[in-house]
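1. No sequence on hand, only this structure:
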């Protein structure tokens, strides 16, 4: 681990704020999605045993491929003058996170709800934030699904890549991004993906164990800075975080529900903050503020941990 890893996460966050996400045709994560879709056509056979091993093989092969490509890019960057090398590495890290995009997508839904345009709010939610069917959601359910997405993506879309960058540099950050992308495409319990996506789903669960809990802790801490209810956030985590099908998503979502004092429900699946009032459009903006504060606190915490590790390593 090098000292410049203390700087790079902050620079990546600044680049994300300044540049946002490039169009899909230029975004490596979109390229990964296209590759996964193409590979699916080659390997899926509808036979449970064969699909499981094919899915595992795809996961392992692409992890090796992504890790190797990023390792080669890091080697090339190190041959550049240091300022260019740092900027190039920060840009590649920036491509694994999307704080600005998440904020804008959530605020677009809020704006549509505030304008009384529920159909538009549903479309914005379905296009940018969730994979579920949004056509039958009422105003409160649209607001709740938006808040859930903000909470979950605080971990998956921002803090998790930074955590893995601190641990293993760009190769590990991009391995995480690939694994998360594969899970988002194949990690469903239905006839099509039950076996093909099983390895991807389990590995995503493993990789998100630490980031989800770290993000929940940062949301609790952020709530105390933002004047929200940090004690209630902790209580809802303890009571409800393990009630979701995912072993990880319930942690940041429960923290957000408790901090905002709202009930987040996916009908037929979970109710986080049970008994609290239903969310309203204005709660989306509160969730976005909590997300942004928790990212700053999380990045600061990671910098402190890195500094202590590097100082101890240098002494030895």
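-> Nice, thanks for sending it over. This structure is a prediction, so every number in the text was calculated from the model and none was measured. Numbers count the residues shown, from 1 in each chain.
2. how close does residue 192 get to residue 199?
-> 15 Å (C-beta to C-beta, to the nearest Å). C-betas here are computed from N, CA, C, even on glycine.
3. So for those two, which residue has more residues nearby?
-> residue 199 (23 against 13; other C-beta atoms under 10 Å).
4. got the contact list for residue 16?
-> For residue 16, the contact set (C-beta atoms under 8 Å, 6 or more residues apart in numbering) comprises 94, 97, 98, 99, 100.
5. My guess is the last one contacts residue 21. True?
-> Spelled out, it's residue 100. Yes: at 7.4 Å, residue 100 counts as touching residue 21 under the criterion of C-beta atoms under 8 Å.
6. For the residue nearest to the spatial centre of the chain, which non-adjacent residue is closest in space?
-> Central residue of the chain (C-alpha atoms, centre = their mean): residue 156, 1.7 Å from the mean position. Using C-beta to C-beta, 6 or more residues apart in numbering and skipping the chain neighbours, the partner closest in space to residue 156 is residue 180 (5.7 Å).
7. Assign that neighbour to helix, strand or coil.
-> Following DSSP: H, G, I helix; E, B strand; the rest coil, residue 180 is assigned to helix.
8. separation between it and residue 157?
-> For residue 180, the distance to residue 157 - C-beta to C-beta - is 8 Å.
9. Which residue of these two possesses the greater neighbour count?
-> Per other C-beta under 10 Å, whichever of residue 180 and residue 157 has more neighbours is residue 180, with 24 against 21.
10. I'd like to know how far that one sits from residue 208.
-> Per C-beta to C-beta, residue 180 is found 8 Å from residue 208.
11. so what sits against both of the two?
-> 156, 160.
12. one step back: show me the contacts of residue 16 that map onto strands.
-> Among the contacts of residue 16, no member falls in strands (criterion: DSSP state E).
13. Columns pLDDT on top of those residues, output as JSON lines?
-> JSON lines is the format used below for those (pLDDT from 0 to 100):
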{"residue": "94", "pLDDT": "97"}
{"residue": "97", "pLDDT": "96"}
{"residue": "98", "pLDDT": "94"}
{"residue": "99", "pLDDT": "96"}
{"residue": "100", "pLDDT": "97"}
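14. between those residues, which is closest to residue 256?
-> Comparing the contacts of residue 16 against residue 256 with C-beta to C-beta places residue 99 closest, at 15.5 Å.
15. residues near the closest one, how many?
-> As a burial measure, residue 99 scores 22 neighbours (other C-beta under 10 Å).
16. got a list of what it touches?
-> Contacts of residue 99 (C-beta under 8 Å, 6+ apart): 13, 16, 17, 157, 158, 291, 292, 295.
17. buried residues in the longest helix anywhere in the chain?
-> Counting by DSSP state H, the longest helix found in the chain is helix 281-315. Neighbour counts over helix 281-315 (16 or more other C-beta atoms under 10 Å) mark 281, 283-284, 286-295, 297-299, 301-303, 306 as buried.
18. Quick one: mean pLDDT over that helix.
-> In this model, helix 281-315 carries a mean pLDDT of 90.
19. For that helix, which helices and strands make contact with it?
-> helix 8-19, helix 99-114, helix 139-154, helix 160-186, helix 198-225, helix 250-260 (3 or more C-beta pairs under 8 Å, 6 or more residues apart in numbering; DSSP states H and E).
20. I'd like those as JSON lines, with distance to residue 61 appended.
-> Below are these laid out as JSON lines (distance: least, C-beta to C-beta, whole Å):
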{"stretch": "helix 8-19", "distance to residue 61": "27"}
{"stretch": "helix 99-114", "distance to residue 61": "29"}
{"stretch": "helix 139-154", "distance to residue 61": "27"}
{"stretch": "helix 160-186", "distance to residue 61": "11"}
{"stretch": "helix 198-225", "distance to residue 61": "12"}
{"stretch": "helix 250-260", "distance to residue 61": "30"}
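21. Buried deepest among those helices, which one?
-> helix 250-260 (a mean of 31; mean count of other C-beta atoms under 10 Å).
22. elements contacting it?
-> Secondary elements touching helix 250-260 (3+ C-beta pairs under 8 Å, 6+ apart): helix 139-154, helix 198-225, helix 230-240, strand 264-266, strand 270-272, helix 281-315.
23. Distance to residue 48 for these - can I get that in a markdown table?
-> A markdown table is the format used below for these (distance: least, C-beta to C-beta, whole Å):
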| stretch | distance to residue 48 |
| --- | --- |
| helix 139-154 | 29 |
| helix 198-225 | 9 |
| helix 230-240 | 33 |
| strand 264-266 | 27 |
| strand 270-272 | 28 |
| helix 281-315 | 39 |
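24. Done for today, thanks.
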